[in-house]
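In: Please find the sequence and the predicted model below.
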Amino acid sequence: MLSGVALLEVRGLRRRYAETDVVSGLDLDVDAGEAVALVGSNGTGKSTVLRCVTGADAPTAGTVTLDGQPLDDRTAAVRTALATVMDDLDYFPDLSVVEHLDLFARAHRVADAEAVVDGVLRDVGLVAQAGQLPGTLSSGQRRRLALASAFVRPRRLLVLDEPEQRLDVEGVAWLADRLVREKADGTAILMASHEPALVEAVADRVHELGSRH
Ligand SMILES: Nc1ncnc2c1ncn2[C@@H]1O[C@H](COP(=O)(O)OP(=O)(O)OP(=O)(O)O)[C@@H](O)[C@H]1O
């Protein structure tokens, strides 16, 4: 971290669709080892904020910086630092669970990829499904694979859109514990969530969207 500069800084973020400001002037900071949660009713702009942060969408106004530099998802430094789990992870239909994770880890040049993948498979509870193709997984297992894909690669900032989706009660408890460990390892987390127990367990600060940002 540069002194006085949060790892992630969002300033004056505005996103207008047609004639409506979905997000109007959001400021937030997330530092290494911190988690910030975006909460609010359906349609209040949580995913829009996350997409503007990751570069999947372009803000109408405002800035997003990582280490004080404009966050540009085309740069190698940002692609190494930023791990996202959004709604839309696609899988290769002919690669197994373990092959997907191996691919992510090796593409990001993770040292000892095999051991890292083994550990994450155990952690997310997909050891028995390691050889299965994505199309044969349950929806909760596919969600666990999406989360696992973020945990096998380098990361300084995790951006998670409703990471609790489709997880069972035990899975949500595991996720809370895992995200607390991520923070302890110095990872910053920005997440949108509808799960109060997850927010309570993980978030250092909560931004409620939909009222005043
Ligand atoms: N590409 C788009 N074009 C027009 N409107 C959009 C577009 N993307 C999002 N919106 C609108 O912006 C608003 C915010 O959507 P967003 O997905 O950010 O909400 P959310 O808070 O994540 O909701 P949820 O809790 O349902 O996931 C919604 O009214 C949505 O219809």
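Out: That came through fine.

In: Residue 48: neighbour count?
Out: Neighbourhood size, residue 48 [other C-beta atoms under 10 Å]: 22. Any C-beta I mention is one placed from the backbone N, CA and C, and that applies to glycine too.

In: quick one, phi/psi of it?
Out: phi -60, psi -40 (degrees, to the nearest 10).

In: Verify the stated contact: it with residue 24.
Out: No - with contact defined as C-beta atoms under 8 Å, residue 48 does not count as touching residue 24 (11.0 Å).

In: Not counting its neighbours along the chain, what's nearest residue 81?
Out: residue 156 (4.2 Å; C-beta to C-beta, 6 or more residues apart in numbering).

In: Residue 147 against residue 175, yeah?
Out: Yes - here residue 147 lies in contact with residue 175, judged by C-beta under 8 Å, at a distance of 7.1 Å.

In: can you list residues touching both of the two?
Out: residue 163 (C-beta atoms under 8 Å, 6 or more residues apart in numbering).

In: which bits of the chain sit near the ligand?
Out: For the chain, the residues found near the ligand under the criterion C-beta under 6 Å from any ligand atom are 17, 22, 40, 42, 43, 44, 45, 46, 47, 48, 192.

In: If any of these are buried, put those into a PyMOL selection.
Out: The PyMOL selection below is limited to those of the residues of the chain next to the ligand classed as buried (16 or more other C-beta atoms under 10 Å):
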select buried, resi 22+40+44+45+46+47+48+192
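
In: quick check, nearest of the residues of the chain next to the ligand to residue 112?
Out: Distance to residue 112 across the residues of the chain next to the ligand (C-beta to C-beta) is lowest for residue 192, with 32.4 Å.
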